[in-house]
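Peer 1: coords please:
(chains A and B)
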Protein chains: 2
Amino acid sequence: MPLPERVSGVLAPVVTPFHKDLSPDPERLIAHCRWLLSQDVGLAVFGTNSEANSLSVPERMELLERLVEAGIDPSRMMPGTGCCSLSDSVTLTRHAVEAGCAGVLMLPPFYYKGVSDEGLFRSFAEVIERVGSADLRVYLYHIPPVSQVGIPVELVERLTRAYPEIVAGIKDSSGDWDNTRALIEHGGANFRVFSGSESFLLRNLEAGGAGCISATANVNPAAIRRLYELWKTPAAGKLQEDLDELRSCLQMPVMIPALKAVLASFLDDPEWETVRPPLMPLGRQRVNELRQRLAELEFSMPGLAPPSSPSP
Amino acid sequence: MPLPERVSGVLAPVVTPFHKDLSPDPERLIAHCRWLLSQDVGLAVFGTNSEANSLSVPERMELLERLVEAGIDPSRMMPGTGCCSLSDSVTLTRHAVEAGCAGVLMLPPFYYKGVSDEGLFRSFAEVIERVGSADLRVYLYHIPPVSQVGIPVELVERLTRAYPEIVAGIKDSSGDWDNTRALIEHGGANFRVFSGSESFLLRNLEAGGAGCISATANVNPAAIRRLYELWKTPAAGKLQEDLDELRSCLQMPVMIPALKAVLASFLDDPEWETVRPPLMPLGRQRVNELRQRLAELEFSMPGLAPPSSPSP
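Peer 2: Reported below is the predicted structural model:
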């Protein structure tokens, strides 16, 4: 079997739908993933914007299995598998490899603060060694504003030296362009650097980056993908501006409730607004303001459709 | 069946021993818990200092079951059960109640930052409602230096109003004495406020607090317990000074490797030094320095003994 290609392009950290009783809703998730694939963006399921850290390990594994059973191509998937617990990260990473996923997006263990780079190196190394598969591709996940525990450039270099085939790239959600640039410069030719927001997409591609994995790709995938395809053309500057304008409507400390509100609104499906605590739904007034701003931008979601069969 | 008493006194957030292959070691844990109970301190198993956040849900449940099977009294236990994931917190809390534990020590969900008090209230409320047991006693766990997500006094008040029988107390590891005092003042007569360090034990008891849950109780339980018993006597000031002096030997950003090094040293059992990444063992030089300082203080651990049968 050939080794899996490394990932590039645009991926959505797929939002996870819940029923009113807060149980995960595989049918709505399958429908959403189908729509995202139809827009030519990959599936970074179980990321920060997926509320994955509010899910249990068995819940994540069952959802992944349901997606694959429904015919969603695992080679378009990069599930998040990095947990506080070494055992959980190993379990989820092994499961993703066995499911045939293109790669995994791996947070560092994020509970203990002030840990050493040596300790973080050992964390990633233990997962890689215990999974022990040549098919594993690890994309590191650097998101210090949320996880607080980051992955410094020196640690990235050490990991790619130790595991040049396995450690394949990184998602940089630091919001710090200098850090993203340093990762591209130090990572080597085949190291895939994704910006964590489409705000950096054009700059990232111009500098040699691989694409972006961005929350807004849940609702605005085609336009982000279009910039990815046309970044070398004169249209790129205007496409980036349009992306930034739309993002400004959705930007808030936690974007998930807004993304779900947009999906609920365009699908006329209020259940999509459900979030697990500690998150809270956006509330009527802010939903209405958001709808109005999106209408002013003539925002649309072509091809969006509910699950083909009623959700159980 | 009478409702469980609320907890007071001194508890150790019990360090979790690992085998060299990083699997949890129930035999050494049982032996350590037996020694701690012999020193008259309770067992806050699966806290921050237990590396509980580096354990999976099944690993925690199995260890708790092994402790109970070994005859460790669950009414002396306050296992940590608060996780990022709502489902995990429910699973662990229900399991602890069914095992007959005196209470649970509950972190707020700590991955998402900048969440609202309403979202945190809902997090705790969902766990309490889903467990749905009159036997549940929740001790909230406020440790902002590590979890980053704290539990403000106003939220504590709201939770005690909503669940006056269930929400029984708090461990305050903020290191902020004003916060501890505010919790004692606002919590009501039967609300149990534990300081997260024995450095605050005398002040906490003088102000009406319930005791402490402190990492150093893993190695220095008798002396801490002695201050708890004698805090109204003229000896209290000196006892507090002695505790502070010993603590200063162990104090470091993450105390766990030092605690394990002390146990390894006094048990002549190097395997006790094993920590799960992202933590790292203390290293020979720092272990030697620590041993020397403890020798200068004539520190001892009377009655400490290895497991009665060899660890598998």
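
Peer 1: Going by C-alpha atoms from here, please, whenever you check contacts or count neighbours.
Peer 2: Will do.

Peer 1: For the stretch 201-312 of chain A, just list every one of the strands.
Peer 2: Under the criterion DSSP state E, counting those that start in this stretch, the stretch 201-312 of chain A contains strands at A:211-213.

Peer 1: what residue ranges in it score low on pLDDT?
Peer 2: Along the stretch 201-312 of chain A, segments meeting pLDDT under 70 span A:309-312.

Peer 1: Could I get the full set of strands for the stretch 51-200 of chain A?
Peer 2: Ranges of strands in the stretch 51-200 of chain A, per DSSP E, counting those that start in this stretch, are A:104-106, A:138-142, A:167-172, A:192-195.

Peer 1: What number of neighbouring residues does the residue nearest to residue A:247 when sequence neighbours are not counted come out with?
Peer 2: Leaving aside its sequence neighbours, residue A:247 sits nearest to residue A:216 (C-alpha to C-alpha, 6 or more residues apart in numbering or on different chains; 6.9 Å). Neighbours of residue A:216 under the rule other C-alpha atoms under 10 Å in any protein chain shown: 25.

Peer 1: dump the residue contacts of residue A:216.
Peer 2: A:12, A:198, A:247, A:250, A:259 (C-alpha atoms under 8 Å, 6 or more residues apart in numbering or on different chains).

Peer 1: thought residue A:303 was touching residue A:35?
Peer 2: Yes - under the criterion of C-alpha atoms under 8 Å, residue A:303 lies in contact with residue A:35, with a separation of 7.1 Å.

Peer 1: Between the two, which is the more surrounded one?
Peer 2: Taking neighbours as other C-alpha under 10 Å, residue A:303 and residue A:35 compare with residue A:35 leading, 20 against 10.

Peer 1: show me what contacts the more buried one?
Peer 2: Per C-alpha under 8 Å, 6+ apart, neighbours of residue A:35: A:303, A:304, A:305.

Peer 1: closest to chain B among the residues you listed?
Peer 2: Of all the contacts of residue A:35, residue A:304 has the smallest distance to chain B: 28.5 Å, by C-alpha to the nearest C-alpha.

Peer 1: count of neighbours near the residue in the stretch 151-300 of chain A that chain B sits nearest to?
Peer 2: In the stretch 151-300 of chain A, the residue that lies nearest chain B is residue A:278 (4.2 Å; C-alpha to the nearest C-alpha). A count of nearby residues for residue A:278, using other C-alpha under 10 Å, gives 27.

Peer 1: Now it: closest residue in space, sequence neighbours ignored.
Peer 2: Counting by C-alpha to C-alpha, 6+ apart, residue B:119 is the residue found nearest to residue A:278 once chain neighbours are left out, at 4.2 Å.

Peer 1: and the gap between that neighbour and residue A:137?
Peer 2: Residue B:119 sits 35 Å away from residue A:137, going by C-alpha to C-alpha, to the nearest Å.

Peer 1: Kindly provide the distance from residue A:177 to residue A:202.
Peer 2: Using C-alpha to C-alpha, we find residue A:177 at a distance of 12 Å from residue A:202.

Peer 1: Name the residues contacting each of the two.
Peer 2: Joint contacts of residue A:177 and residue A:202 (C-alpha under 8 Å, 6+ apart) do not exist.

Peer 1: Mind checking which of the two has more residues around it?
Peer 2: When residue A:177 is set against residue A:202 and neighbours are counted by other C-alpha under 10 Å, the residue ahead is residue A:202, at 22 against 15.

Peer 1: thought the residue of the stretch 151-300 of chain A closest to chain B was touching residue B:111?
Peer 2: No - using C-alpha under 8 Å, residue A:278 is not in contact with residue B:111; the gap is 9.5 Å.

Peer 1: Identify the contacts common to these two.
Peer 2: With C-alpha under 8 Å, 6+ apart, residue A:278 and residue B:111 have no common neighbours.

Peer 1: Residue A:96 touches residue A:80, doesn't it?
Peer 2: No - the pair residue A:96 / residue A:80 is not scored as a contact, 9.1 Å apart, by C-alpha under 8 Å.

Peer 1: of these two, who's got more company?
Peer 2: Set side by side, residue A:96 and residue A:80 show more neighbours around residue A:80, with 29 against 24, by other C-alpha under 10 Å.

Peer 1: What is the burial count for the residue in the stretch 101-250 of chain A that chain B sits nearest to?
Peer 2: Distance from chain B to each residue of the stretch 101-250 of chain A (C-alpha to the nearest C-alpha) is smallest for residue A:119, at 4.2 Å. Using other C-alpha under 10 Å, residue A:119 is surrounded by 17 other residues.
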